[in-house]
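S.K.: build me a structure from this.
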Amino acid sequence: MGPMGPIGPEAEARYAATRTSGLSAGARGYRELVSYQKAEIVYDITYRFCERFVTRGDRTRDQMVQAARSGKQNIAEGSQASGTSKETEIKLTNVARASLEELLIDFRDFMRVRGMRLWEKDSKEARFVRRLASRPHVTYEAFREFCEIRPAEVVANIAICLIHQTNYLLDRQIRRLEQDFLKEGGIRERMTQARLQYRKGRKPRDSS
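M.R.: Prediction:
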(Lines give C-alpha, C1' and ligand atoms only; values in the text may rest on other atoms or scores of the structure.)
Protein backbone atom coordinates (compact mmCIF):
# COMPACT_ATOMS: atom_id res chain seq x y z
CA MET A 1 0.00 0.00 0.00
CA GLY A 2 1.34 3.40 -0.98
CA PRO A 3 1.09 6.59 1.04
CA MET A 4 -2.13 7.51 -0.73
CA GLY A 5 -3.59 4.02 -0.43
CA PRO A 6 -3.78 0.99 -2.72
CA ILE A 7 -3.83 1.32 -6.50
CA GLY A 8 -6.73 -1.09 -6.89
CA PRO A 9 -6.95 -4.72 -8.02
CA GLU A 10 -7.45 -3.87 -11.69
CA ALA A 11 -4.21 -1.88 -11.91
CA GLU A 12 -2.39 -4.55 -9.88
CA ALA A 13 -3.51 -7.23 -12.32
CA ARG A 14 -2.51 -5.18 -15.36
CA TYR A 15 0.89 -4.53 -13.82
CA ALA A 16 1.42 -8.23 -13.12
CA ALA A 17 0.49 -9.07 -16.70
CA THR A 18 3.43 -7.05 -17.99
CA ARG A 19 5.89 -9.22 -16.09
CA THR A 20 4.64 -12.74 -16.76
CA SER A 21 5.39 -15.58 -19.14
CA GLY A 22 9.05 -14.61 -19.35
CA LEU A 23 8.39 -11.83 -21.85
CA SER A 24 9.97 -8.44 -21.30
CA ALA A 25 7.86 -5.31 -21.41
CA GLY A 26 10.15 -4.07 -24.15
CA ALA A 27 9.13 -6.98 -26.34
CA ARG A 28 5.46 -5.97 -26.10
CA GLY A 29 6.00 -2.23 -25.87
CA TYR A 30 6.55 0.05 -22.89
CA ARG A 31 3.09 1.54 -23.34
CA GLU A 32 1.66 -1.68 -21.92
CA LEU A 33 3.36 -0.97 -18.60
CA VAL A 34 0.85 0.50 -16.14
CA SER A 35 3.71 2.44 -14.57
CA TYR A 36 4.36 4.16 -17.90
CA GLN A 37 0.68 4.90 -18.44
CA LYS A 38 0.51 6.57 -15.02
CA ALA A 39 3.77 8.46 -15.57
CA GLU A 40 2.46 9.83 -18.84
CA ILE A 41 -0.61 11.22 -17.06
CA VAL A 42 1.65 12.72 -14.39
CA TYR A 43 3.67 14.47 -17.08
CA ASP A 44 0.57 15.84 -18.83
CA ILE A 45 -0.88 17.13 -15.56
CA THR A 46 2.44 18.63 -14.46
CA TYR A 47 2.93 20.44 -17.76
CA ARG A 48 -0.52 22.01 -17.62
CA PHE A 49 -0.21 22.75 -13.90
CA CYS A 50 2.99 24.71 -14.53
CA GLU A 51 1.42 26.53 -17.48
CA ARG A 52 -1.46 27.67 -15.27
CA PHE A 53 0.06 28.22 -11.85
CA VAL A 54 3.86 28.59 -11.98
CA THR A 55 5.29 31.87 -13.23
CA ARG A 56 7.43 31.80 -16.35
CA GLY A 57 11.06 32.28 -15.42
CA ASP A 58 10.60 30.48 -12.11
CA ARG A 59 13.24 27.73 -11.95
CA THR A 60 10.74 25.46 -10.25
CA ARG A 61 8.64 25.47 -13.42
CA ASP A 62 11.40 23.94 -15.56
CA GLN A 63 12.49 21.58 -12.79
CA MET A 64 8.98 20.17 -12.35
CA VAL A 65 8.39 19.63 -16.05
CA GLN A 66 11.83 18.05 -16.49
CA ALA A 67 11.33 15.76 -13.50
CA ALA A 68 7.96 14.63 -14.86
CA ARG A 69 9.48 14.05 -18.30
CA SER A 70 12.41 12.15 -16.82
CA GLY A 71 10.02 9.85 -14.99
CA LYS A 72 8.12 9.04 -18.15
CA GLN A 73 11.09 8.79 -20.50
CA ASN A 74 13.26 6.63 -18.27
CA ILE A 75 10.51 4.05 -17.82
CA ALA A 76 10.22 3.85 -21.61
CA GLU A 77 13.98 3.75 -22.22
CA GLY A 78 14.47 1.15 -19.49
CA SER A 79 11.81 -1.06 -20.98
CA GLN A 80 13.32 -0.71 -24.45
CA ALA A 81 16.72 -1.72 -23.05
CA SER A 82 15.34 -4.83 -21.38
CA GLY A 83 16.16 -7.10 -24.31
CA THR A 84 19.88 -6.32 -24.23
CA SER A 85 20.73 -5.19 -20.71
CA LYS A 86 18.79 -5.91 -17.52
CA GLU A 87 21.32 -3.77 -15.65
CA THR A 88 20.41 -0.78 -17.82
CA GLU A 89 16.70 -1.45 -17.38
CA ILE A 90 17.07 -1.49 -13.59
CA LYS A 91 19.23 1.64 -13.61
CA LEU A 92 16.83 3.65 -15.79
CA THR A 93 13.79 2.51 -13.84
CA ASN A 94 15.50 3.70 -10.65
CA VAL A 95 16.19 7.05 -12.34
CA ALA A 96 12.49 7.31 -13.19
CA ARG A 97 11.57 6.57 -9.58
CA ALA A 98 13.99 9.21 -8.26
CA SER A 99 12.70 11.82 -10.72
CA LEU A 100 9.11 11.29 -9.65
CA GLU A 101 10.09 11.52 -5.99
CA GLU A 102 11.70 14.88 -6.76
CA LEU A 103 8.50 15.97 -8.50
CA LEU A 104 6.43 14.85 -5.52
CA ILE A 105 8.52 17.06 -3.22
CA ASP A 106 8.05 20.03 -5.56
CA PHE A 107 4.26 19.64 -5.53
CA ARG A 108 4.26 19.32 -1.75
CA ASP A 109 6.47 22.39 -1.40
CA PHE A 110 4.17 24.37 -3.71
CA MET A 111 1.21 23.52 -1.50
CA ARG A 112 2.94 23.92 1.85
CA VAL A 113 4.30 27.43 1.30
CA ARG A 114 0.86 28.56 0.11
CA GLY A 115 -1.01 27.01 3.00
CA MET A 116 -2.98 24.59 0.82
CA ARG A 117 -4.67 21.49 2.17
CA LEU A 118 -3.11 18.13 1.34
CA TRP A 119 -5.71 15.40 0.95
CA GLU A 120 -5.60 12.52 3.42
CA LYS A 121 -5.15 9.14 1.76
CA ASP A 122 -8.63 8.01 2.87
CA SER A 123 -10.40 11.25 1.97
CA LYS A 124 -13.26 11.02 -0.51
CA GLU A 125 -11.26 13.12 -2.98
CA ALA A 126 -8.22 10.83 -2.88
CA ARG A 127 -10.40 7.72 -3.16
CA PHE A 128 -12.15 9.21 -6.19
CA VAL A 129 -8.83 9.91 -7.94
CA ARG A 130 -7.59 6.38 -7.21
CA ARG A 131 -10.76 4.84 -8.62
CA LEU A 132 -10.52 7.00 -11.73
CA ALA A 133 -6.83 6.18 -12.19
CA SER A 134 -7.48 2.43 -11.86
CA ARG A 135 -9.54 2.26 -15.03
CA PRO A 136 -7.98 0.18 -17.82
CA HIS A 137 -5.70 2.20 -20.13
CA VAL A 138 -6.66 5.47 -18.45
CA THR A 139 -5.21 8.63 -20.00
CA TYR A 140 -5.03 12.33 -19.20
CA GLU A 141 -8.46 12.78 -20.80
CA ALA A 142 -10.04 11.29 -17.67
CA PHE A 143 -8.58 14.18 -15.66
CA ARG A 144 -8.71 17.00 -18.20
CA GLU A 145 -11.89 18.59 -16.87
CA PHE A 146 -10.47 18.78 -13.34
CA CYS A 147 -6.95 19.86 -14.28
CA GLU A 148 -7.90 22.65 -16.67
CA ILE A 149 -10.62 24.41 -14.66
CA ARG A 150 -10.10 23.56 -10.97
CA PRO A 151 -7.86 25.63 -8.65
CA ALA A 152 -4.22 24.85 -7.99
CA GLU A 153 -4.92 23.06 -4.71
CA VAL A 154 -7.14 20.47 -6.43
CA VAL A 155 -4.82 19.93 -9.38
CA ALA A 156 -1.75 19.57 -7.16
CA ASN A 157 -3.54 17.01 -5.01
CA ILE A 158 -4.55 15.01 -8.09
CA ALA A 159 -0.95 15.04 -9.28
CA ILE A 160 0.28 13.90 -5.86
CA CYS A 161 -2.19 10.99 -5.79
CA LEU A 162 -1.03 9.87 -9.24
CA ILE A 163 2.66 10.22 -8.39
CA HIS A 164 2.14 8.02 -5.33
CA GLN A 165 0.43 5.41 -7.50
CA THR A 166 3.21 5.51 -10.07
CA ASN A 167 5.92 5.26 -7.41
CA TYR A 168 4.16 2.31 -5.84
CA LEU A 169 4.16 0.52 -9.20
CA LEU A 170 7.79 1.42 -9.87
CA ASP A 171 8.87 0.09 -6.47
CA ARG A 172 7.24 -3.24 -7.32
CA GLN A 173 8.69 -3.16 -10.82
CA ILE A 174 12.22 -2.55 -9.54
CA ARG A 175 11.97 -5.35 -6.99
CA ARG A 176 10.77 -7.74 -9.69
CA LEU A 177 13.56 -6.69 -12.07
CA GLU A 178 16.17 -7.21 -9.36
CA GLN A 179 14.77 -10.63 -8.53
CA ASP A 180 14.75 -11.63 -12.20
CA PHE A 181 18.32 -10.43 -12.62
CA LEU A 182 19.55 -12.37 -9.60
CA LYS A 183 17.75 -15.49 -10.82
CA GLU A 184 18.43 -15.30 -14.55
CA GLY A 185 21.29 -12.85 -14.96
CA GLY A 186 21.70 -10.25 -17.67
CA ILE A 187 22.22 -10.79 -21.37
CA ARG A 188 26.01 -10.92 -20.97
CA GLU A 189 25.78 -13.64 -18.34
CA ARG A 190 23.33 -15.65 -20.46
CA MET A 191 25.50 -15.30 -23.56
CA THR A 192 28.59 -16.44 -21.64
CA GLN A 193 26.70 -19.43 -20.31
CA ALA A 194 25.44 -20.28 -23.80
CA ARG A 195 28.98 -20.10 -25.24
CA LEU A 196 30.31 -22.38 -22.49
CA GLN A 197 27.53 -24.87 -23.08
CA TYR A 198 28.17 -24.76 -26.82
CA ARG A 199 31.88 -25.38 -26.37
CA LYS A 200 31.22 -28.16 -23.88
CA GLY A 201 28.87 -29.82 -26.32
CA ARG A 202 31.29 -29.77 -29.28
CA LYS A 203 33.08 -33.04 -30.00
CA PRO A 204 36.89 -32.89 -30.25
CA ARG A 205 38.16 -33.04 -33.82
CA ASP A 206 39.72 -36.31 -34.99
CA SER A 207 43.51 -35.81 -35.01
CA SER A 208 44.17 -38.85 -37.22
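S.K.: gap between the residue minimising distance to the centre of the chain and residue 68?
M.R.: What sits nearest the mean C-alpha location of the chain, by Cα atoms, centre = their mean, is residue 35, with 3.8 Å. With the distance defined as Cβ to Cβ, to the nearest Å, residue 35 ends up 14 Å from residue 68. In this view, the C-beta of every residue, glycine as well, is placed from N, C-alpha and C.
S.K.: now do the contacts for the residue nearest to the centre of the chain.
M.R.: Applying Cβ atoms under 8 Å, 6 or more residues apart in numbering, one finds that residue 35 lies in contact with 15, 75, 96, 166, 169-170, 173.
S.K.: helix or strand: which one has it?
M.R.: In this assignment (DSSP states H and E), residue 35 forms part of helix 34-53.
S.K.: flag every buried residue along that helix.
M.R.: The neighbour-count criterion (16 or more other Cβ atoms under 10 Å) identifies 34-50 as the buried residues of helix 34-53.
S.K.: tell me the SS of the nearest residue to the residue nearest to the centre of the chain once chain neighbours are set aside?
M.R.: Spatial nearest neighbour of residue 35, excluding adjacent residues (Cβ to Cβ, 6 or more residues apart in numbering): residue 169 at 4.1 Å. Going by DSSP: H, G, I helix; E, B strand; the rest coil, the secondary structure assigned to residue 169 is helix.
S.K.: and residue 169, how many neighbours does it have?
M.R.: The tally of other residues near residue 169 (other Cβ atoms under 10 Å) stands at 26.
S.K.: quickly note the distance from it to residue 150.
M.R.: The gap separating residue 169 from residue 150 is 25 Å, by Cβ to Cβ.
S.K.: next: residue 65.
M.R.: With distances taken as Cβ to Cβ, residue 65 is found 20 Å from residue 150.
S.K.: ok, and for the strand or helix carrying residue 145, which residues are buried?
M.R.: Using DSSP H and E, residue 145 sits in helix 144-149. Within helix 144-149, the residues scored as buried using 16+ other Cβ under 10 Å are 146-147.
S.K.: and that helix, what does it pack against?
M.R.: Counting contacts by 3 or more Cβ pairs under 8 Å, 6 or more residues apart in numbering; DSSP states H and E, helix 144-149 packs against helix 34-53, helix 152-184.
S.K.: who's in contact with it?
M.R.: Helix 144-149 is touched from outside by 45, 48-49, 52, 140, 154-155, 158, with contacts defined as Cβ under 8 Å, 6+ apart.
S.K.: distance to residue 133 added to those residues, as TSV?
M.R.: Putting the contacts of helix 144-149 into TSV (distance: Cβ to Cβ, whole Å) gives the following:
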residue	distance to residue 133
45	11
48	16
49	16
52	21
140	11
154	15
155	14
158	9
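S.K.: farthest-apart pair in these, please.
M.R.: Maximum pairwise distance among the contacts of helix 144-149 (Cβ to Cβ): 15.4 Å, between 140 and 154.
S.K.: could you list the low-pLDDT ranges of the chain?
M.R.: Of all residues in the chain, those with pLDDT under 70 make up the ranges 1-28, 185-198, 201-208.
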